[in-house]
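**Q** pasting the sequence and the predicted coordinates here, then a few questions.
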Amino acid sequence: MTDLLVYAINSIEVQKLWKDIRQHYSTRSESNPVITQVFHDTFDWRLFQKNLTLVREAKDVYLAHVAALEPWSKVLWPKKATPKFWWQFPESPVKDALKPLLDVRALLPLVAVQNKHRSLSILNEDEKTVIRIHHNHIHIKDETRRGQNVHSLTLQPIRGYTQDLQNFRQFLQERDVVQKEEDLYRKLLNSMGKTPGDYTSKFRLDLAPDLSSVQATRMILRYLIGVITSNVDGVKADIDTEFLHDFRVASRRVRSALGQIKGVFPDEKSKQFRKDFSILGKTTNILRDLDVYLLKQEQYCALLPEHLVGGLDPFFQDISEARKAELRNVKKFLNSASYRNLVSRWEGFIDSNSVYAVEEAKNAQRPVLELAQRFIFRRYKQIIRDGQNIADDSPDAQLHRLRIDCKKLRYLLEFFASLFPEKDILTLIGQLKKLQDNLGDFNDLFVQQEHLREYFTQIKKSRPNSLLTAAAIGGLITALSQRQKSVRSEFKRRFKDFSSRKNRAMFTKLFQPRSKGGPQA
Amino acid sequence: MSIIALYHVKGGVGKTAAAVNLSYLASQERHPVLLMDLDPQGSASFYFRVRPSRGQQAKKLIKGKQAVDAGLRGTDYDRLDALPADMSYRNMDIVLKSVKKSKSRLKDLILPFNKEYRWIFLDSPPNITIVSENIFDAADVVLIPVIPTTLSVIAYEKLWSFFHEKNLDSSKLVAFYSMVEQRKKMHTEIVAQRHPEERKFLRTFIPYSVDVEKMGYHREPVARYAPRSKAAKAYDRLWEELKSHILRR
């Protein structure tokens, strides 16, 4: 469809304009019954990031561009509840489009509206449509009894009739009807108190280079705690697995920030709060592990020959059962007084007016840039040193340590990304990620085999098909162990890439501390 | 993108009516459709109320995508564009003869529209000329309306022979009966005849109908002004059958 032009207008203006157009042009009008529309997106606005939204309308579900809210791909969905995940959609272009966009995230209803649409076609001397004008009267149901009303006027140009379009735009201009800045979708969401794009799982924070380290660290922590608390409701409601994942990543980042950005808070305090955050990790470890196995179901099944796949059914059933119980535990924790106390303690800690602000630590007042460079460079050098010492026959523990250190470096790069040229940082993070993926896969495959081995010893012979299950688990362990070997053999090449001359030069250029007598840790 | 050419060696067989109605039905399915009116008579353009742009379109046409783009017109229906015909198409043969690769020019011209349109319909001029050979080359399906009369069937057979002589892909040829008058004995007899497997005849036929004739008055596809008519329903079935034939191919 050609680009649509959207105009701001209110209810009285639009009635006047409608009449005016009909006096000046030969027209054909069309009016549609009121329809209910519900707009959806994921918690982290994955559709909005691509200028899309998912609309539920009667028995249809469709994807639409946010600018005009015109459907571009529809799928019939007669059931009452709108599908939550991409895999619940029937085979269709909508499903194909959603798969890479949503991944494991769930669609959430954002705003429900009543939409009354009518259109006027402007005709030429052949009674042929040369422009189409749409008027949408959108009624938003909110807490107030009357709700809210939004009007929008959209011009739909018809291909090949540019002169007619120009003339008509002139006509509108003469009547002071002006093109709208903000799009309709944003307006609808704002009226519900929602801001599209206000959450992302990526770490995004702008720091000024001359900010004091204590201020910058507080900003980082405040941001992360915001992420933690905003995911809690989603974890409790069990909407999708990413809420817990983001919750955990953010609390790991907090722990990492407190441990790595040394000397900005009194040691005693840092230590205490790191302990708090490790509680968050520990209480949710099992639930995350179970989530991961369930997400891997398809992948696991694909690793086995067809006649063994059925053997995994009891395994996944057990995991589902265990997950239900574990979710209850996590919910209990998140509803508990001890969790609430943790949160208020952190909030006090990061509040710059709090009592802790008085106790200055040695690096607290240094400019953040200086500290960032020092810590990143130090961690980088350590990784290069340790990585070079890893040979093909080195013990796994060495790789494990390197993985943890890479993660620490990754977090530092992300915390302080805004202090350095964006392109350089993205390149370095990209390089680091390739190495991390290798180390991460190696570790995951190890942990999974351990878990499967343990499950294997607990298979009860009395259970139906226990032999098949044992065979399937055995097959899985074999397949995973083979993959682990190939991942291990890949390490050397990945590390070589990461420690390339070009990369080292870039790390040195960006992070090597220039001044003597810098911060001490 | 699939290209469907409506073709018949002579006029007045319901060719343009089929092109207009089928392209309209295709556009109702949420994929963009283009109808290229290559018949200098411009009947399809007339039905869609689009007038040709001025100037020597035939020469412009073979120049490439940009020149065609400028000529495209949106119809009254979303997702349905038309390239109107004009009288200069009478000279298309002469224009085509003057260029290299004169038999595959049309295909080169259409291919760039691959991303933009799911279906392209060609309303072809009658006669066998370089233009029609271009059309046979470009089309995925050459759809032939056949009036159930002896002469019309013979004309269809001749086209078959022509495809063989010229070594063209005869599996592109798909026929359907058009303007069928069920009170005429000959019509019903011919329609009932079986055809050899390789000669693809669609089972759906389009009845002779006043509703189709009224297209000239309404200047709309039949489904717009007589949605419940026999003719509208027949076009619906024809489109479904044609689509499944193309998807199976």
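**A** Alright, I've got the coordinates. Bear in mind the structure is a predicted one, so any value in this text is a computation, not a measurement.
**Q** helix, strand or coil: sort out B:Asp78 for me.
**A** coil (DSSP: H, G, I helix; E, B strand; the rest coil).
**Q** the longest helix in chain B is where?
**A** As assigned by DSSP state H, the longest helix anywhere in chain B is helix B:230-248.
**Q** now what about it, what contacts it?
**A** Helix B:230-248 has contacts (CB atoms under 8 Å, 6 or more residues apart in numbering or on different chains) with B:2, B:4, B:18, B:21-22, B:25-26, B:140-141, B:143, B:174, B:176, B:200, B:202-207, B:209, B:211-212, B:221-223, B:226. For every residue, glycine as well, the C-beta is placed using N, CA and C.
**Q** try stretch A:91-101
**A** Under CB under 8 Å, 6+ apart, the answer for stretch A:91-101 is A:46-47, A:50, A:52, A:54, A:61-63, A:73-75, A:86-87, A:89.
**Q** near chain B, from these?
**A** Among the contacts of stretch A:91-101, the residues within reach of chain B (CB under 8 Å from any CB of the partner chain) are A:73-74.
**Q** mind putting the contacts of stretch A:91-101 in TSV, pLDDT, secondary structure and neighbour count included?
**A** TSV is the format used below for these (pLDDT from 0 to 100; DSSP: H, G, I helix; E, B strand; the rest coil; neighbours: other CB atoms under 10 Å in any protein chain shown):
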residue	pLDDT	secondary structure	neighbour count
A:Arg46	96	coil	18
A:Leu47	95	coil	24
A:Lys50	92	helix	13
A:Leu52	92	strand	19
A:Leu54	95	strand	26
A:Val61	93	strand	26
A:Tyr62	92	strand	21
A:Leu63	92	strand	21
A:Ser73	76	strand	17
A:Lys74	79	strand	18
A:Val75	84	strand	17
A:Trp86	95	helix	20
A:Trp87	94	helix	12
A:Phe89	94	coil	22
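**Q** contact partners for A:Ile9?
**A** A:17, A:151-153, A:177.
**Q** quick one: it from A:Leu108, how far?
**A** 30 Å (CB to CB, to the nearest Å).
**Q** what does A:Arg146 give?
**A** For A:Arg146 relative to A:Leu108 (CB to CB), the value is 26 Å.
**Q** pick out whichever of those two has more residues nearby.
**A** A:Leu108 (17 against 7; other CB atoms under 10 Å in any protein chain shown).
**Q** contact partners for the more buried one?
**A** A:40-43, A:239.
**Q** kindly report the same for A:Ala505.
**A** Counting by CB under 8 Å, 6+ apart, there are no residues that A:Ala505 touches.
**Q** name the element it belongs to?
**A** Remark: A:Ala505 resides in helix A:501-511, with elements defined by DSSP states H and E.
**Q** what does chain A have sitting close to chain B?
**A** Counting by CB under 8 Å from any CB, chain A sits next to chain B at A:1-2, A:71-74, A:121, A:126-129, A:157-161.
**Q** how close does A:Val111 sit to chain B?
**A** As for A:Val111, its distance to chain B is 25 Å (criterion: CB to the nearest CB, to the nearest Å).
**Q** ok, A:Thr27 next?
**A** 13 Å.
**Q** ok, the longest strand anywhere in chain A: who's next to it in the sheet?
**A** Longest strand in chain A by number of residues (criterion: DSSP state E): strand A:108-123. Within its sheet, and counting by DSSP bridges, strand A:108-123 is paired with strand A:27-31 (antiparallel), strand A:35-41 (antiparallel), strand A:129-140 (antiparallel).
**Q** hang on, the earlier thing: off-centre distance for the longest helix of chain B?
**A** Taking CA atoms, centre = their mean, to the nearest Å, one finds the center of helix B:230-248 at 14 Å from the center of the full chain.
**Q** quick check: residues of chain B near chain A?
**A** B:30, B:48-51, B:53, B:71-76, B:78-79, B:81, B:219.
**Q** looking at the contacts of stretch A:91-101, which is nearest A:Asp142?
**A** A:Leu54 (20.7 Å; CB to CB).
**Q** ranking the contacts of A:Leu108 by neighbours, who comes first?
**A** Busiest of those [other CB under 10 Å] is A:Asp41, holding 25 neighbours.
**Q** ok, it touching A:Leu110?
**A** Yes. The pair A:Asp41 and A:Leu110 qualifies as a contact (CB atoms under 8 Å) at a distance of 5.9 Å.
**Q** low-confidence ranges in the stretch 251-400 of chain A?
**A** A:352-359 (pLDDT under 70).
**Q** revised request: answer the last question for chain B.
**A** In chain B, residues with pLDDT under 70: B:53-58, B:60-62, B:87.
**Q** show me the strands in it, by range?
**A** Going by DSSP E, chain B shows strands at B:2-6, B:33-37, B:73-74, B:80-83, B:119-123, B:141-146, B:173-177, B:200-201.
**Q** contacts for the third one?
**A** The contact list for strand B:73-74, computed with CB under 8 Å, 6+ apart, reads A:2, A:129, A:157-161, B:48, B:50, B:80-84.
**Q** what of the last one?
**A** Outside strand B:200-201, the residues that touch it by CB under 8 Å, 6+ apart are B:171, B:173-177, B:195, B:245.
**Q** thinking again about what came up before, could I have the longest helix of chain B exported to CSV, CA atoms only?
**A** Coordinates of each C-alpha in helix B:230-248 appear next as CSV, following Å, rounded to 0.1, in the frame of the first residue of the first chain:
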residue,chain,number,x,y,z
LYS,B,230,-24.6,-17.2,-11.3
ALA,B,231,-21.9,-15.4,-13.2
ALA,B,232,-20.2,-14.0,-10.1
LYS,B,233,-20.3,-17.4,-8.4
ALA,B,234,-18.9,-19.0,-11.6
TYR,B,235,-15.9,-16.6,-11.6
ASP,B,236,-15.4,-17.4,-7.9
ARG,B,237,-15.2,-21.1,-8.6
LEU,B,238,-13.0,-20.5,-11.7
TRP,B,239,-10.5,-18.5,-9.6
GLU,B,240,-10.4,-21.2,-6.9
GLU,B,241,-9.9,-23.9,-9.5
LEU,B,242,-7.2,-22.0,-11.4
LYS,B,243,-5.4,-21.1,-8.2
SER,B,244,-5.2,-24.7,-7.0
HIS,B,245,-4.1,-25.8,-10.5
ILE,B,246,-1.3,-23.2,-10.4
LEU,B,247,-0.2,-24.1,-6.9
ARG,B,248,-0.1,-27.8,-7.8
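**Q** on that earlier part again, could I get the strands of chain B as TSV with mean neighbour count?
**A** Listed next are the strands of chain B as TSV, based on neighbours: other CB atoms under 10 Å in any protein chain shown:
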stretch	mean neighbour count
strand B:2-6	25
strand B:33-37	28
strand B:73-74	23
strand B:80-83	26
strand B:119-123	27
strand B:141-146	24
strand B:173-177	21
strand B:200-201	19
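**Q** name the element A:Phe171 belongs to?
**A** A:Phe171 belongs to helix A:162-174, assigned by DSSP H and E.
**Q** mind giving me the packing neighbours of that helix?
**A** Applying 3 or more CB pairs under 8 Å, 6 or more residues apart in numbering or on different chains; DSSP states H and E, one finds that helix A:162-174 contacts helix A:11-24, strand A:129-140, strand A:148-157.
**Q** what's near enough to touch A:Ile35?
**A** Contacts of A:Ile35 (CB under 8 Å, 6+ apart): A:57-58, A:114-115, A:117.
**Q** what is the lowest-pLDDT residue among those residues?
**A** Across the contacts of A:Ile35, the bottom pLDDT score, 86, is held by A:Ala58.
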